[in-house]
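Asks: quick one, fold the following:
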Amino acid sequence: DFHQSGKERRLSRETELAIYRIAQEALSNIVHHAKAKHADVRIDFDKEIKLEVTDDGVGFSVPKSPTDFAPSGHFGLLGMGERADLIGARLEVQSEAGRGTRLSVRLAVPSDKSKKGK
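Replies: Prediction:
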């Protein structure tokens, strides 16, 4: 399912592409690894932009540090974290065996007033 809330706004090309690629990788992981029956993609436009991808799949043990994603075989998650860092966003991954996964990306966006001064 897909849900959108808030007033949609355009972002820089690099930011839009990074958010798209993160969502794409999250959905690919669900298809290839989660054994999920349901997935949900949500994007909220508010004081920050929040992308959230959830599933009801098998879940996994989330490493304590993002740098531990690659050694534990989670290269897609490592790439999502790097993309988030490049645009100044924060990636959070919550998962538990048998309880699915929730991935969220939060990006603070400048207010319209601060854009006018530039």
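
Asks: going forward, measure contacts and count neighbours with C-alpha atoms only.
Replies: Fine.

Asks: ramachandran angles for Thr54?
Replies: When quoted as degrees, to the nearest 10, the phi and psi of Thr54 stand at phi -130, psi 160.

Asks: pLDDT at it, what is it?
Replies: For Thr54, the pLDDT comes out at 98.

Asks: what residues are up against it?
Replies: Residues near Thr54 by C-alpha atoms under 8 Å, 6 or more residues apart in numbering: 39-41, 100-103.

Asks: can I get those in JSON lines with pLDDT, neighbour count and secondary structure?
Replies: Rendered in JSON lines, the data for those read as follows (pLDDT from 0 to 100; neighbours: other C-alpha atoms under 10 Å; DSSP: H, G, I helix; E, B strand; the rest coil):
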{"residue": "Ala39", "pLDDT": "98", "neighbour count": "19", "secondary structure": "strand"}
{"residue": "Asp40", "pLDDT": "98", "neighbour count": "14", "secondary structure": "strand"}
{"residue": "Val41", "pLDDT": "98", "neighbour count": "19", "secondary structure": "strand"}
{"residue": "Gly100", "pLDDT": "97", "neighbour count": "21", "secondary structure": "coil"}
{"residue": "Thr101", "pLDDT": "97", "neighbour count": "25", "secondary structure": "strand"}
{"residue": "Arg102", "pLDDT": "98", "neighbour count": "20", "secondary structure": "strand"}
{"residue": "Leu103", "pLDDT": "97", "neighbour count": "20", "secondary structure": "strand"}
